[in-house]
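In: prediction below, plus the sequence it came from.
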Protein chains: 4
Amino acid sequence: MATLKEACGLFGIYSEAAADTALFCHLGLYSLQHRGQEGCGIAWNDKGSLTVQKDLGLVAEVFPEPVQVTSTTRMAIAHTRYGTSGERSRENVQPLLIRHQMGSMALAHNGNLTNDVQLRSSLERQGSLFHTTSDTEVIAYIITKHRLTSESVEEAVEKAMDELKGSYSLLVMTAGKLIAVRDRWGFKPLCIGKLEDGYVFASESCALDAVGAQFLRDVEPGEICIVDAKTGQLESKKRHVGETKGSLCVFELIYFARPDSVIDTISVHQARLRSGAFLALEHPAQADVVIGVPDSGIDAAIGYAWQSGIPYSIGFIKNKYIGRTFIQPKQGERESGVRIKLNPIASTVAGKRVVLIDDSIVRGTTSKRIVRLLREAGAKEVHLRSSAPPFLHPCYYGTDIDSRKDLFAHKYSHQEMQKILDVDSLGFLLPEQVLKLSDHPSIGFCSACFTGSYPCEPPQGVVDASSESQ
Amino acid sequence: MATLKEACGLFGIYSEAAADTALFCHLGLYSLQHRGQEGCGIAWNDKGSLTVQKDLGLVAEVFPEPVQVTSTTRMAIAHTRYGTSGERSRENVQPLLIRHQMGSMALAHNGNLTNDVQLRSSLERQGSLFHTTSDTEVIAYIITKHRLTSESVEEAVEKAMDELKGSYSLLVMTAGKLIAVRDRWGFKPLCIGKLEDGYVFASESCALDAVGAQFLRDVEPGEICIVDAKTGQLESKKRHVGETKGSLCVFELIYFARPDSVIDTISVHQARLRSGAFLALEHPAQADVVIGVPDSGIDAAIGYAWQSGIPYSIGFIKNKYIGRTFIQPKQGERESGVRIKLNPIASTVAGKRVVLIDDSIVRGTTSKRIVRLLREAGAKEVHLRSSAPPFLHPCYYGTDIDSRKDLFAHKYSHQEMQKILDVDSLGFLLPEQVLKLSDHPSIGFCSACFTGSYPCEPPQGVVDASSESQ
Amino acid sequence: MATLKEACGLFGIYSEAAADTALFCHLGLYSLQHRGQEGCGIAWNDKGSLTVQKDLGLVAEVFPEPVQVTSTTRMAIAHTRYGTSGERSRENVQPLLIRHQMGSMALAHNGNLTNDVQLRSSLERQGSLFHTTSDTEVIAYIITKHRLTSESVEEAVEKAMDELKGSYSLLVMTAGKLIAVRDRWGFKPLCIGKLEDGYVFASESCALDAVGAQFLRDVEPGEICIVDAKTGQLESKKRHVGETKGSLCVFELIYFARPDSVIDTISVHQARLRSGAFLALEHPAQADVVIGVPDSGIDAAIGYAWQSGIPYSIGFIKNKYIGRTFIQPKQGERESGVRIKLNPIASTVAGKRVVLIDDSIVRGTTSKRIVRLLREAGAKEVHLRSSAPPFLHPCYYGTDIDSRKDLFAHKYSHQEMQKILDVDSLGFLLPEQVLKLSDHPSIGFCSACFTGSYPCEPPQGVVDASSESQ
Amino acid sequence: MATLKEACGLFGIYSEAAADTALFCHLGLYSLQHRGQEGCGIAWNDKGSLTVQKDLGLVAEVFPEPVQVTSTTRMAIAHTRYGTSGERSRENVQPLLIRHQMGSMALAHNGNLTNDVQLRSSLERQGSLFHTTSDTEVIAYIITKHRLTSESVEEAVEKAMDELKGSYSLLVMTAGKLIAVRDRWGFKPLCIGKLEDGYVFASESCALDAVGAQFLRDVEPGEICIVDAKTGQLESKKRHVGETKGSLCVFELIYFARPDSVIDTISVHQARLRSGAFLALEHPAQADVVIGVPDSGIDAAIGYAWQSGIPYSIGFIKNKYIGRTFIQPKQGERESGVRIKLNPIASTVAGKRVVLIDDSIVRGTTSKRIVRLLREAGAKEVHLRSSAPPFLHPCYYGTDIDSRKDLFAHKYSHQEMQKILDVDSLGFLLPEQVLKLSDHPSIGFCSACFTGSYPCEPPQGVVDASSESQ
């Protein structure tokens, strides 16, 4: 039950017949809502003219109905945004629509640049203005700069990729083209689906399912995929492909993605089952029941149960009606705890030895509350297992693990952690097991937050500070 | 995955210190949102003066924040409403607040009178006017009529119960009292919780958990519980207690209630596990995996897995962001099916023999779609099990099973059903097993919809028509 | 610039072709918005089935567009409500829709019963319940009671009129009829317009103009006008006509109505010009310019200018964008005064002797602020003239002049008033001149608030108290 | 009753004590709502940190209450926007907030650049991106470009003014300064008010009155006024002052501004009275009554009445509740005409010879409808007088008189116009009289739309086309 913030969901469509463009964006956004609940938007392209509609809020709030587009709207891109609470501002909601004499351009971005500050500063010194605080605007600038000297927008994108460092899966829509890009490390997912009359791009394959598209393949790390409205064909530029061995964020598998998605050929559900099995092998427990913290601990709990032979059951009910704006009670906090969001099923745990699987332990506070709920519900023993290894290093590629000093596993020894959490035993997935969550040995992962080994140079300044503190 | 409509959630509070009245109603409503999503409301009592705030919409929409009440508000009642779509009108949202020289009164009601038409007609002939089409207004009239000749409001309620037929769990709040009533058959649940400084009443015990109240006991069928603001004590009138052996709606256990609730001493989760175990015994299958239709088929699937030894896994992901107002795609329906609301996990079912547990099969259309999704995802065999027996008779006590002619099990033979649903085998819970879902043999159930044996006389006219059609 | 609250606007339509029913209600409500800004609603009749839509708020807020009705909706009634701030509740917004076996009924009411309390109490003793605190519900009950023993709804209305005391202009819509009623005193206006294919009823003729209806005549005091959907003809019941000599509220002419309306054959604009002329004759002044307080003092100021020969000009600009919900500044009140709502034009008044015409002086506070604004803008002399006589008695028929003790003219002598208001001279219309505002000598007026002579018995209890205090 | 669109209202405040910053912006916006009803916004400065809140809608919709600012917010700028309907987009609502390493900057702009296209194109060639289609973003770029090479922001503004052509009154707020600028021609108004503890800038003096500020003086054409938060003093840069003789848009006096405002020492109300007097002298009529089209024809009608000796009266009532979003009836248009927005007072005009004063005649359609309303109400003769001269040339400085081909006076002869409008006589203000609307002979006006004499070079391309068509 991590409360990490990151993700963002991308959805793009090119449909020759233009019958369902708006509807499919609507369905696509709903399918990717779990990747971002701060805001969302759709930019569409009607015969070369771009329009955007977007706002803070859930899909159901911002788009109670599919957007009204004309019957000649063949292209669109859509975005769900996950922002840190401090920056909850309407300006940063995407897609970003910018105007320029080389042609207007809409961008939707999932990721985080590591050289954002340097690029922005350099652009400003040349007279550029920024409306937003997001690095997406920096990307828009870099691409536009290269458009002035390129033969095509995809060439400009290719040149821009030489300058952009960090993570970015990107959809770019111009008057005539729909472009999907994945940074050379492949930090964030992006896949391609085939419609009868066109193509869709999406952060996760569950969005392809939602619109009835056929899964084609993932966009490769470093690849630029182009659908040109003139031909309706899918083309590819691969100069940056193969520059790295691939560094998919392991948290996509453990926490962010939906279990029914397949990312870089890995079934998310299978990966989580596997993590549970690894935990059962590495950290067995004498127990009566295995339960998971909903939603992302459930699959691993089943995997643990299968491997260990201990029966799986339902330990908690999560209240799915608690909204984004739910105000945590003040006076009542002591009494009601988190039981309004999460309530234990006493009959499952009372008098039992319980194996509890959570997706990760970041600051420790949530895990502590959850264990206490189990104790109050009568659990005799609690054996906590985390389907992620201990967090020891900050993430610079978009996941909200900012500073080492708040990281539970960085601050405390194993024994201290067990005591603070009030558990009978505690086990983490091993960093090397992370690499085995896929049965395709060729897939590379980023597990920098566990190992400190960063696939792409961290931001300047930040790096030094981090090194010093070691 | 029944789409039955009924339920309605009740929450009432008396708190001496009056510190958290509004907050606790807020939490209580959130905990009972699953029982009614059409509208909700709160009526509160500040030193004898009653105010109501209510509207169509979810709790998060109607009450983005707890209602603003004064610091002397010690009593309140709250309601979440489930109405049939045709009657979605603001007038019918509860609590109902009525004014009269005997004192104002607020009512919240879960259930359905069977002699509503006769009572209403008789009242109108005496000059009464109705603002709403709901039977709650009839109850208000009957109680008020008796207040004119009673010594207390609870005496008026007791007399009213002589006239009211059908199902009703009821909260009544006057200037000085909070009253909780359950019809003599006990069709609908209602329980009592203890606060440090008062009492709460709620349709389900999960609402007690949400506010940190201690579960005390259920309101007995036929019982009137009174908290008098003068004393703060809980009292009870039991003239109607024991008039029947009790007829809890079995659907509360199978479908309506939250698994973490305990109703009439039965853990809902345990009852569902048990139904799954019964199914495994009665309708075994040679299969590779057991899955449940979320949300209410999950517990029974685990029960089936335990009993049968076939591994339990996750078969579907349900999109929890699809709102009440979600508009089902028109053109896209063929292609996208229900995959926007429910998407199968291919890796769980592809090439497998699957046992699929659903909570019930009413009209058959939903089950048919779900089976097709599994087939498309590669399931080799599908063995469908329903944790409710076949529906053969209409319900007159509030559950939306109106007419026999639409009931799947009434229209078709077992073999026809299997063919229509395209399943390899089909099994239902036996009606006699329903009575064994509780391990307390003293609990009586209403299972009229399976057996045709009605604990309380059905409405006039309707009954005859039903008999004729047999 | 009285801040009296009363009025309420009524609009009803019967249209054979049913082409514009919803649109005409929309336009009618906009035309009568000045009579009530607290809430509004429309009840419509589609082949005998009644529906109501209503809420707190301005027409533009409650009905951003005309209501969606079917093409067979031939009847509707609409209402704009002016309530006292204390009772600003959604329940009291009209039309009131009530259900009964004699047939549903929608009511829209302008006025105030004087025997409301007695009728309500008697009804409650017979077991009736009330949902609202408005006397409209009492009227609904009385009519319904008589429907049980009458041959037609109009006969029931006729019998109800024997019991109802006080002021009421009323629209009643049943499954088959549209009925317009005016109390026997004719306190509140109500007129009839002819459409090509039907009829409209409205509080003021400006609403007839808005929908292009031909003014036919006023509903007579005591008359019941019926349009029967079977025949489409306008019929009339006149048993109560002629029971009084007529008592139109003089404030309709002075303050409430729009200048472009004609009420009981009197042009409101002409009546106000006439009041200004009377003031010029009775209270002349040596002055340089005549100005009026917008909006309702403007016409009388022109009348004063014409009669006196002193030039008329514009003295104040009223900010028409300040909404209903405008929050008066706290700290800024001293400095900004009412200059945000009303700003003097310095070039009109600086160094001038100014005749200032206001519609009335109730509590004196507004007049005092306005005079101060003129002084600050440089006016040399201010001669205040009120186009209403001094208020000395409370109104029991709907106008918000509640208690004698707050009435400026009751508390202070003429000299004291001049001093408090800081004016060089002060003049009121004479009570006897009120009767001459019409050039039709047959029209009777209620001027009880000036004379204490009440056309219809004041409420019990209240009367005595008022007598004692004399 | 012109339906010209232009204006935009500016309001800026520096208040040492910071007690009322938000409130005064609120009042200021309300006072300037008549200048722009499409959208509005406020940008505020809390200890150097800038925040903006803005949206499409009226002040009462966007800011139901004053914005929540901290108690240390000493500076703010606010804007009401009037846009052409085609561009009604949220992006273009102001103030514009841009971010840059030289410091963030908020801008509010009233006017229209004539070299917008050239500047934008040149900036884009250097790699700049635009988020909006408004020329305000161009201004932001030009200022920012110069900030990189200037010692202060005011120096950058001064340099930017060398490049900017066309009309602009401008408020600029940086971390430390509040700056007010008026283009060297002084097309749009801008004035300075003194608070006890600071300064306000506003498009019109009525906004100073609303917040209780003392009118200090107008910003001079070409002047840059600076309030530095360090000193709280008002300073001025005047390099561009005196570069032209001044060209205040004459339409500010005739139509846009509020009558209670004083612009460049001219009372708007007086200027309008004067235009009416000129009309009476130049175009006398034998008539019984003078009426004006509300709101902006009223003052001139009084001026005409004074000069001619013909009595002034009220001819029309304007419905002030018809909102921005009011949907003009479709079927009903023929019958109800504009009588829902504007209804004649029959008693004023029936059987009379009427002088009708309108502020201007642009396309002729509105005037035609209004004359027809008078005829239908019984007017015997209608003598139409326009307080603006005939429009013959497009405006390039912001007023929405785009193309010559739609201009009524350009298309038709005087006799044709009379016939089309169905008036007995027709008279316009003479272009030379426009210059005499002020009694200060030193004030220069722009009357290019009447004379074709453009104070500042029209946009390239457009000019040629215009010349050709002559």
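Out: Thanks, I have it.

In: sketch out the low-pLDDT regions of the stretch 201-350 of chain A for me.
Out: A:323-338 (pLDDT under 70).

In: all helices for it, in order.
Out: A:205-210, A:250-251, A:268-282, A:298-308, A:333-336, A:346-349 (DSSP state H, counting those that start in this stretch).

In: do you know which of these lies nearest C:Tyr14?
Out: helix A:205-210 (50.6 Å; C-beta to C-beta). Just so you know, the C-beta spots here come from the backbone N, C-alpha and C atoms, and that holds for glycine as well.

In: in the closest one, what's buried?
Out: By 16 or more other C-beta atoms under 10 Å in any protein chain shown, the buried positions in helix A:205-210 come out as A:Ser205, A:Cys206, A:Ala207, A:Leu208, A:Asp209, A:Ala210.

In: what's the closest non-adjacent residue to the fourth one?
Out: If the residues on either side of it in the chain are set aside, A:Leu208 comes closest to A:Gly193, at 3.7 Å by C-beta to C-beta, 6 or more residues apart in numbering or on different chains.

In: which strands and helices sit next to the helix or strand that contains that neighbour?
Out: When elements are assigned from DSSP states H and E, A:Gly193 belongs to strand A:191-195. Contacts defined by 3 or more C-beta pairs under 8 Å, 6 or more residues apart in numbering or on different chains; DSSP states H and E place strand A:191-195 against strand A:198-202, helix A:205-210, strand A:214-218.

In: tabulate these (JSON lines), appending distance to A:Gln415.
Out: Listed next are the helices and strands packed on strand A:191-195 as JSON lines, based on distance: least, C-beta to C-beta, whole Å:
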{"stretch": "strand A:198-202", "distance to A:Gln415": "44"}
{"stretch": "helix A:205-210", "distance to A:Gln415": "41"}
{"stretch": "strand A:214-218", "distance to A:Gln415": "42"}
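
In: would A:His383 count as being in a strand?
Out: Yes. Counting by DSSP: H, G, I helix; E, B strand; the rest coil, A:His383 is located in a strand.

In: right, and A:Arg372 touches A:Asp422 too?
Out: Yes. The pair A:Arg372 / A:Asp422 is scored as a contact, 6.9 Å apart, by C-beta atoms under 8 Å.

In: separation between the closest residue in space to A:Val211 that isn't next to it in sequence and D:Gly48?
Out: Take A:Val211 and drop its neighbours on the chain: the residue closest to it by C-beta to C-beta, 6+ apart is A:Phe24, 4.4 Å away. For A:Phe24, the distance to D:Gly48 (C-beta to C-beta, to the nearest Å) stands at 46 Å.

In: A:Ala106 too?
Out: Taken as C-beta to C-beta, the span from A:Ala106 to D:Gly48 is 33 Å.

In: same question for A:Val382.
Out: Going from A:Val382 to D:Gly48 by C-beta to C-beta gives 51 Å.

In: please say which of the two ends up with more neighbours.
Out: A side-by-side neighbour count of A:Val382 and D:Gly48, using other C-beta atoms under 10 Å in any protein chain shown, places A:Val382 first with 25 against 12.

In: for the more buried one, give me its contacts.
Out: A:Val382 makes contact with A:Val354, A:Leu356, A:Val371, A:Leu374, A:Arg375, A:Asp422, A:Val423, A:Asp424, according to C-beta atoms under 8 Å, 6 or more residues apart in numbering or on different chains.

In: and if we set it to 7 Å?
Out: Residues in contact with A:Val382, defined by C-beta atoms under 7 Å, 6 or more residues apart in numbering or on different chains, are A:Val354, A:Leu356, A:Val371, A:Leu374, A:Arg375, A:Val423, A:Asp424.

In: now it: closest residue in space, sequence neighbours ignored.
Out: Nearest in space to A:Val382, with sequence neighbours left out and distances taken as C-beta to C-beta, 6+ apart, is A:Val423 at 4.9 Å.

In: cool, and A:Ile370?
Out: A:Val293 (6.1 Å).

In: where does the stretch 101-250 of chain A get nearest to chain B, residue-wise?
Out: Closest residue of the stretch 101-250 of chain A to chain B, C-beta to the nearest C-beta: A:Gly212 (3.2 Å).

In: out of the buried residues of helix A:205-210, which comes closest to chain C?
Out: Nearest to chain C among the buried residues of helix A:205-210, with distances taken as C-beta to the nearest C-beta, is A:Ala210, at 31.2 Å.

In: surely the closest one meets B:Lys341?
Out: No. Contact between A:Ala210 and B:Lys341 fails when scored by C-beta atoms under 7 Å: they sit 9.3 Å apart.

In: name the residue most distant from the centre of chain A?
Out: When distances are taken from the C-alpha mean of chain A, A:Gly351 lies farthest, 37.9 Å away, according to C-alpha atoms, centre = their mean.

In: for that one, list the residues it contacts.
Out: Contacts of A:Gly351 (C-beta under 7 Å, 6+ apart): A:Gly378, A:Lys380.

In: which SS state does the residue nearest to A:Val211 fall under?
Out: Here A:Phe24 is recorded as helix under three-state DSSP.

In: my guess is it contacts A:Ile13, does it?
Out: Yes. With contact taken as C-beta under 7 Å, A:Phe24 and A:Ile13 are classed as touching, separated by 5.4 Å.

In: ok, those two, which is more surrounded?
Out: More crowded of A:Phe24 and A:Ile13, by other C-beta under 10 Å: A:Ile13, with 32 against 28.

In: for that one, which non-adjacent residue is closest in space?
Out: The shortest distance from A:Ile13 to any non-neighbouring residue, by C-beta to C-beta, 6+ apart, is to A:Val200 (4.8 Å).

In: and if you look at A:Leu253?
Out: Nearest to A:Leu253 is A:Ala271, by C-beta to C-beta, 6+ apart, at 4.3 Å.

In: I figured that neighbour hits A:Leu437, correct?
Out: Yes. A:Ala271 is within contact range of A:Leu437, at 4.1 Å (criterion: C-beta under 7 Å).

In: what do the two both touch?
Out: Counting by C-beta under 7 Å, 6+ apart, the residues touching both A:Ala271 and A:Leu437 are A:Leu253.

In: how about the residues of chain A near chain D?
Out: Residues of chain A lying close to chain D (C-beta under 7 Å from any C-beta of the partner chain) are A:98-101, A:121, A:124, A:126-131, A:133, A:140-141, A:144-145, A:148.

In: so A:Leu123: helix, strand or coil?
Out: Following three-state DSSP, the label given to A:Leu123 is helix.

In: next, the buried residues of stretch A:399-409.
Out: A:Thr399, A:Asp400, A:Ile401, A:Arg404, A:Leu407, A:Phe408, A:Ala409.

In: name the nearest of those residues relative to chain D.
Out: Nearest member of those to chain D, counting by C-beta to the nearest C-beta, is A:Asp400, at 22.4 Å.

In: now do that closest one against A:Phe391, distance only.
Out: Taking C-beta to C-beta, one finds A:Asp400 at 11 Å from A:Phe391.

In: next one: A:Leu429
Out: Taking C-beta to C-beta, one finds A:Leu429 at 12 Å from A:Phe391.

In: now do the same contact list for A:Gly103.
Out: Each residue near A:Gly103 by C-beta under 7 Å, 6+ apart is listed here: A:Thr174, A:Ala175.

In: that one sits in which helix or strand?
Out: A:Gly103 is located outside every helix and strand, with elements delineated by DSSP H and E.

In: sec struct for A:Ile77, please.
Out: strand.

In: in terms of helices and strands, where is A:Leu107?
Out: Element membership of A:Leu107 [criterion: DSSP H and E] is strand A:105-113.

In: buried residues in that strand?
Out: Neighbour counts over strand A:105-113 (16+ other C-beta under 10 Å) mark A:Met105, A:Ala106, A:Leu107, A:Ala108, A:His109, A:Asn110, A:Gly111, A:Asn112, A:Leu113 as buried.

In: go on, stretch A:305-323?
Out: For stretch A:305-323, a neighbour-count test (16+ other C-beta under 10 Å) marks A:305-308, A:310-317, A:319, A:321-323 as buried.

In: if you look at it, does any of it touch chain B?
Out: Yes. Judged by C-beta under 7 Å from any C-beta, stretch A:305-323 comes into contact with chain B at A:Trp306, A:Pro311, A:Tyr312, A:Ser313, A:Ile314, A:Ile317, A:Asn319, A:Lys320, A:Tyr321, A:Ile322, A:Gly323.
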